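In: coords below, sequence missing:
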């Protein structure tokens, strides 16, 4: 067991991390600093203060990170139209590197030599927290209680809590059967009935969105304004990044947008089913592709598309704080200089429908594209040579008797 | 002007290709063979026979290519989860290489030395037809009237038709303002009001799908059975490929599924707006990803995702009959050996919702993935070493003072 | 400690693996099966039999795997022009999966439940052995003594050997200061003075090649015949794969070819300096590129080049027995159908100079390529349209005032 | 024929471009501005002035572009370890965009509406000149005489020259049978006996390098200092970029370094044989990889390697002035921040042998890499978990009976 003097714990205030807090104090006989972040998960963070105090914590950090989260993490990721395995918008993945960064900043401020978190040894989150921590403070010690302790069943955890007088909330509401994670970008569900891939998810599992069935019968139209690839205004009203995302979550949730039920491949090697609600993100992705469609050069767009799966994997697997992610980001950000303009969307019962896009930086040229007379803007005869030379290597091969199959 | 003896014309029976037929006879003083294909466009192909005969054509080919189209072109493409520029399902692109192949086969059968088509000099289709033709018969001559003649406006075309007594259908229905193309996979719309990217598409433009608003208020559930990556049954009933796609079009169309409005980058260098209805294809793509999610190895899936944009571009730009497409296809097909099983979908007002997937070849292991006790199936302690070594290069760099940014 | 009944040990007969043999018997109280392979390392393998017998081993496997090694591992890898990090020909990496495969085959034949090897916990070889073993027999136990035992210094190892009467060879020749590995493809050197990246390697380290300085003053010419991407004859004389490689090693070694001194990135996260002698492989790579240069389609060649670094990394990191390597191999092998012909090389003091290549499957067309009159084989006017349309997107962008930088 | 008022001609002063100059004046009845560049081709550029004057040219530009060429084109390209098709160092390709840029700058300065060049319609250079020109000045007219005129044989060209009193140099030396191009990075040879891919190149073809046979019998050692990926000093002596390259050409040429004989794939679709001398470039590439090997992060290096073929193709095919090349360059340049240090090379009869590399920014950690005791810098036990989890997906698949092949 490592010799630890002071540890910064990512502390939610809930039962699990409260038990961890106590367990750290007892097991490592060390001082614990708590760090609780408001990432837009929709729960009060202040109650964590009293709980931490009650357990003797002297250094308590409670941060509102919502703007930093959207501005420096969510927005850069969306510039790449990032999707993992064709479906997942990486709502959990993108929050972890920010938490890792704050854990290390607080460790540096408080002179702590270790960090700790409540992620299990089976999931991706442990990797995301710890890769970030090691990249930012290579000598840091990491304590991952779920990989170390004996409290592996809920019963043992509850026993430990009772034995150590850790308050267990009992306010009538039943414990959710799902393992959940939420932040401004999404809420996720794992476990429970989802562990059978054939069983349909339950309607009452979803928290943020109404079902398409219950969404309004009339569509909602919105216009999103982009500047350098980021949304800066809704319906012409300028807003901060976190406000944009919160507002899109609201509108999207009301219209039944952004539910997802997938089986994904975890970094640690297993397949896992997850359900996700990402109302605002689903709207953002569609809108971003639409504004890029008129403002990005074709080859730039294609290069981005070819690199996107790699970039998405880097974020999914926890390499946000790696030099290769930063190198890719340089390229992605450079591509967004002219991604400015407005996209009009129709939202209706789960559908995000693009109905218009315009930009002062548009590369769409109606004179050239038109089916009508173009007044010489484009010389159709050029196409013959274009095709002939593009075909030349195949014509030579076929002429020499090369078989295709 | 090339010396042409006999030319095979891709002939729809409509006004444009009828004018081309006449123009070829007059301009090249050559024999014309017509080829008309039923690709599921939903129009009668037999009327083309009488029209061709009336213009003196002796060799008339009218083929039902629906099964070949879906089996050998659409299905192979969907094995790769192919999407162009993040949105477009390549409905037009994938039909062209089959037409090119048949044009060349017929040229070989009839001793023709040239082929001709009605695609304009501004679009992708000319490239797709001609690259295919050159790859399959390198010495073939290609006549693309739209790049050669003077009949560039509709008025001139109509004048020519009248002058040469080419029948113009006047059956009350107004000429559509859109340039359209249809086959079993999709119907496309270009031109008209779509030439302004900010103008919303018109509701009455769409032909194959009802709007989400008008779709039924109750969802439709279907189960799709996959064998080696292809759908072989709907709700347990085995069907041929073309029947599967026709049936999915019907079901999807009824549920308002598969509409798309995008601005895309053409191979010839311009941006162009297109609207597409792909009801069956939209369902197939979602379902295929779902069955792959439980049956494909992670790294195989990721490699497919990384290569997909390249593969999609090859199809979009007309390189179906190229050695590089064939090489990629080998790899894609090899990946599908175990892509077997059933996917359950809920279709509702434009939404395609995956609600379950199962397979005898599933790699999902509930024992390992579970949040409950796993009886030692997975050793959480392994994760510590996994993370430590994955972090090592970053720890060394940070330890030596290397800055990330 | 795992409960092990019988373990198959990759046994060289040298001191280290002899100590491991004894240590396994003592520590795990289990039966040991030895497996010794002739991969062309240039040392007798038979002496291992007596040594194993002397330590009470009953099941002793000694295999000549040279032909299988070159035919099924080296040749497939060279079809991809595989180089790791721009320099390394993967001589060690490519032998490991064959050893892993044989270990598992022998485990299955002898009813063993474990395998063991002498690779350290810092290197790539442990990964290559074990990933292969797990992929081929998922429940196998792996014993990696260097990660478990206390004998981490040479002194302790020698003490253990003496204490257990393990014969230590003392035949006058000084122990090499380098850690070496050899097989038909290469011999490698690590450690010793190489651990300072600035220190020049010592001339007397190299075993297989003369220095360029000492190589003959007159060049050697050879002609290599390829069939489906593999060398099947030298100077017109057909030979088996292992004979080809042995012969090329001899010729290359005499001409000072194939030395390399690099710093590479290990899979476990550290940089490491290695020196390699790969005389035959260096010749093969150059010759293979030369025969491909006239027989491969351009886009096929480029696609191979783009995927090669990924393929090389898979082999370097031990994923030979993974589905993604097999999928890539399908594509690579498919590309080699027409890679037939002869390459003439001039070998001189470290240089491998291509002086000619010819093939019945050549796609080189002198009529088209010529600077002289080509009799209409190529229409230069086609180039204008080709360039105009390839430039169109950039012309539109510049025309709209888009700045490049 | 386009209406042209003033045209800027890329003018070498040689016969071909002198004929073009005259032909432009006569055919287009327009004013001609000449532009002659010193790119280090090793020929006097001043004589072009008198020749141009003699033909009535009023605006004559003669520029020494050597420093700009190496600093802004060659060096950025070498940061990516750029090689086309595994062999070619792109010596011709990289000079063309600079000439295109100057042509357009001069057109803007002189009010010219067209540019002209002496590249043929079969090669890559026409594409490189014209794509650059169109990207930088979209409305520019391009006159490519070789694609337009009738002077397609040397005889006709000579006749035209004589008829128009264009001076033909006759200074005893026979006209080279090769088509050559030279600049500070390389000299190239095409045509002549090279048009048969089996015929060995002739020793007296080479101009810049001695043969390895004639190179000195003792090696030359040099030390190259890198700063942000570029060489800034030789043997500790700081030099400008062009001086570095000239000096490396001298040293390399004396040691028989940098000859290449390949068959390459041209952008216009044909295969073509070329011989190249790139003495300095060959040294630079090797040295750059060596300095990167100790200063670049592994994943950054691998990402660069994966993107390099694409980047090389962009340069080869003339897309230097494209947004996608610029986007890639951003990423490449960002990767070079820490590529600082010194590489020691041994040059001997065609061989470039790395014998040492050192850097204050080295990521090589001898403590961790060592085969000796490392004092706990690396925990070998971590490797077990690392391997176990990396193998997990394969273990699960094999455990479920999934076959690999």
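Out: Ah, there it is. A quick note: this is a predicted structure, and the numbers were derived from the prediction, not measured.

In: any idea which element the residue of the stretch 251-400 of chain A found nearest chain C lies in?
Out: The nearest approach of the stretch 251-400 of chain A to chain C comes at residue A:385, 2.8 Å away (CB to the nearest CB). Backbone N, C-alpha and C define where each C-beta goes, glycine included. Assessed by DSSP states H and E, residue A:385 sits inside helix A:382-399.

In: ok, back up a step: not counting residues beside it along the chain, what's closest to the residue of the stretch 251-400 of chain A closest to chain C?
Out: Once flanking residues are discounted, residue A:385 sits nearest to residue C:385: 2.8 Å by CB to CB, 6 or more residues apart in numbering or on different chains.

In: if I pick the most centrally placed residue in chain A, what's in contact with it?
Out: Centroid-nearest residue in chain A: residue A:91, 2.6 Å away (criterion: CA atoms, centre = their mean). Contacts for residue A:91 (CB atoms under 8 Å, 6 or more residues apart in numbering or on different chains) come out as A:181, A:183, A:185, A:186, A:187, A:188, A:276, A:278, A:281.

In: what's the neighbour count on residue A:326?
Out: By other CB atoms under 10 Å in any protein chain shown, 19 other residues sit near residue A:326.

In: pretty sure it is touching residue B:404, no?
Out: Yes - between residue A:326 and residue B:404 a contact is recorded at 6.2 Å, counting by CB atoms under 8 Å.

In: Where does the stretch 1-150 of chain A get nearest to chain C, residue-wise?
Out: Counting by CB to the nearest CB, the stretch 1-150 of chain A gets nearest chain C through residue A:134, at 10.6 Å.

In: pretty sure that residue contacts residue B:394?
Out: Yes - taking contacts as CB under 8 Å, residue A:134 lies within contact range of residue B:394: 6.0 Å.

In: all strands for the stretch 301-405 of chain A, in order.
Out: Assigned by DSSP state E, counting those that start in this stretch, the strands in the stretch 301-405 of chain A fall at A:341-348, A:351-358.

In: Could you list the domains of chain A?
Out: Taking automatic domain parsing as the domain assignment, the ranges for chain A are A:6-71+A:84-163, A:179-296+A:338-358, A:374-399.

In: related to what we said a few turns ago, out of the contacts of residue A:91, which sit inside helices?
Out: Within the contacts of residue A:91, residues falling in helices by DSSP state H are residue A:281.

In: Looking at the contacts of residue A:91, which are in strands?
Out: Those of these mapping onto strands are A:181, A:187, A:188, A:276, per DSSP state E.

In: so who does the residue of the stretch 251-400 of chain A closest to chain C touch?
Out: C:379, C:381, C:382, C:383, C:384, C:385, C:386, C:388.

In: same check, this time on residue A:116
Out: Listed by CB under 8 Å, 6+ apart, the contact set of residue A:116 reads A:7, A:8, A:9, A:10, A:20, A:24, A:32, A:142, A:143, A:144, A:145.

In: so which of these comes closest to residue D:367?
Out: Among the contacts of residue A:116, residue A:142 lies closest to residue D:367 (CB to CB), at 21.3 Å.

In: Name the helix or strand for residue A:17, please.
Out: Element membership for residue A:17 (DSSP H and E) is helix A:15-28.

In: same for that helix, what does it pack against?
Out: Contact partners of helix A:15-28 among helices and strands, from 3 or more CB pairs under 8 Å, 6 or more residues apart in numbering or on different chains; DSSP states H and E: strand A:6-10, strand A:31-38, strand A:114-116, helix A:145-148, helix A:154-163.

In: Deepest-packed of those, please.
Out: strand A:114-116 (a mean of 27; mean count of other CB atoms under 10 Å in any protein chain shown).

In: quick one: strands adjacent to that strand?
Out: Paired with strand A:114-116 in the same sheet, following DSSP bridges, are strand A:6-10 (parallel), strand A:141-143 (parallel).

In: Show me how far that strand is from its chain's centre.
Out: Relative to its parent chain, strand A:114-116 has a centroid offset of 23 Å by CA atoms, centre = their mean, to the nearest Å.

In: how about residue A:353, what does it touch?
Out: By CB under 8 Å, 6+ apart, the contact set of residue A:353 is A:345, A:346, A:347, B:259, B:261.

In: Can the lowest-mean-pLDDT helix or strand in chain A be said to contact chain B?
Out: None of the helices or strands of chain A scores lower by mean pLDDT, DSSP states H and E than helix A:366-369, at a mean of 84. Yes - using CB under 8 Å from any CB of the partner chain, helix A:366-369 comes into contact with chain B via A:366, A:368, A:369.

In: quick check, that helix touching chain D?
Out: No - shown here: helix A:366-369 not in contact with chain D (CB under 8 Å from any CB), separated by at least 11.9 Å.

In: sorry, back to before: mean pLDDT lowest for which of the domains of chain A?
Out: For the domains of chain A, mean pLDDT drops lowest on domain A:374-399, to a mean of 91.

In: Buried ones in that domain, by neighbour count?
Out: By 16 or more other CB atoms under 10 Å in any protein chain shown, the buried positions in domain A:374-399 come out as A:374, A:377-378, A:380-399.

In: still on that earlier bit, with distance to residue B:362 as extra columns, can I get the contacts of residue A:116 in CSV?
Out: Shown next, in CSV, are the contacts of residue A:116 (distance: CB to CB, whole Å):
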residue, distance to residue B:362
A:7, 41
A:8, 41
A:9, 38
A:10, 34
A:20, 34
A:24, 39
A:32, 43
A:142, 34
A:143, 36
A:144, 30
A:145, 32
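
In: quick one: which of those residues is nearest residue A:69?
Out: Set against residue A:69, the nearest of the contacts of residue A:116 by CB to CB is residue A:10 (14.4 Å).

In: Now for the residue lying closest to that closest one once chain neighbours are set aside, how many residues are close by?
Out: Nearest residue to residue A:10 in three dimensions, chain neighbours excluded: residue A:117, at 4.5 Å (CB to CB, 6+ apart). Residue A:117: 27 surrounding residues under other CB under 10 Å.

In: What of residue A:204?
Out: Applying other CB under 10 Å, we find 6 residues neighbouring residue A:204.

In: which SS class is it?
Out: helix (DSSP: H, G, I helix; E, B strand; the rest coil).

In: Tell me which residues touch the one residue in the stretch 101-250 of chain A that gets nearest to chain B, please.
Out: Residue nearest to chain B within the stretch 101-250 of chain A: residue A:121 (2.7 Å; CB to the nearest CB). Applying CB under 8 Å, 6+ apart to residue A:121 gives the contacts A:144, A:146, A:147, B:378, B:380, B:381, B:382, B:383, B:384.
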